[in-house]
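Trainee: Just the structure for this:
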Amino acid sequence: MGKVYSPEFKVQVCKRIIEGGEKVSQISIELDLHENTIYNWLNSYKARNGMAFIGSGNIKPEEAEMKRLQRENKELREENEILKKAAAYFARTVK
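Mentor: Numbers count the residues shown, from 1 in each chain. Below you'll find the predicted structure:
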């Protein structure tokens, strides 16, 4: 797995290129980053109007558990709705 860079670092690199006019090749050599990595950061930064890296990175275990539980809750609600519809359908056909 590659090195993980902070969102602030990625934004700083993007700003140096966009606002500072520095070349990707120059920054790539200076920071020992692959040019494709920088281009990926730039594409994300431009596509999301400078909000590309907010919230990226490691999340706390509590937040991960909360997301997992929310997904599970959503799935169970959907399954419950399907079962309710099936029960109503079969209740009508039995009569």
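Trainee: Pop the domain breakdown of this protein in here.
Mentor: In terms of domains, the chain is parsed into 1-57, 59-95 (source: automatic domain parsing).
Trainee: Now the first one: average pLDDT?
Mentor: This means domain 1-57. Throughout domain 1-57, pLDDT has a mean value of 89.
Trainee: same question, stretch 71-85
Mentor: 97.
Trainee: roughly how far is it from the heart of the chain?
Mentor: On the basis of C-alpha atoms, centre = their mean, to the nearest Å, stretch 71-85 sits 25 Å off its chain's mean C-alpha point.
Trainee: Output it as PDB - backbone C-alpha positions only.
Mentor: Provided in PDB are the C-alpha atoms of stretch 71-85 (Å, rounded to 0.1, in the frame of the first residue of the first chain):
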ATOM      1  CA  ARG A  71     -26.400   0.600   6.100                       C
ATOM      2  CA  GLU A  72     -27.700  -2.500   7.900                       C
ATOM      3  CA  ASN A  73     -30.800  -0.500   9.100                       C
ATOM      4  CA  LYS A  74     -31.500   0.600   5.600                       C
ATOM      5  CA  GLU A  75     -31.300  -2.900   4.200                       C
ATOM      6  CA  LEU A  76     -33.500  -4.300   7.000                       C
ATOM      7  CA  ARG A  77     -36.100  -1.600   6.300                       C
ATOM      8  CA  GLU A  78     -36.100  -2.400   2.600                       C
ATOM      9  CA  GLU A  79     -36.500  -6.100   3.400                       C
ATOM     10  CA  ASN A  80     -39.300  -5.400   5.800                       C
ATOM     11  CA  GLU A  81     -41.200  -3.400   3.100                       C
ATOM     12  CA  ILE A  82     -40.800  -6.300   0.700                       C
ATOM     13  CA  LEU A  83     -42.200  -8.700   3.200                       C
ATOM     14  CA  LYS A  84     -45.100  -6.400   4.000                       C
ATOM     15  CA  LYS A  85     -46.000  -6.200   0.300                       C
END
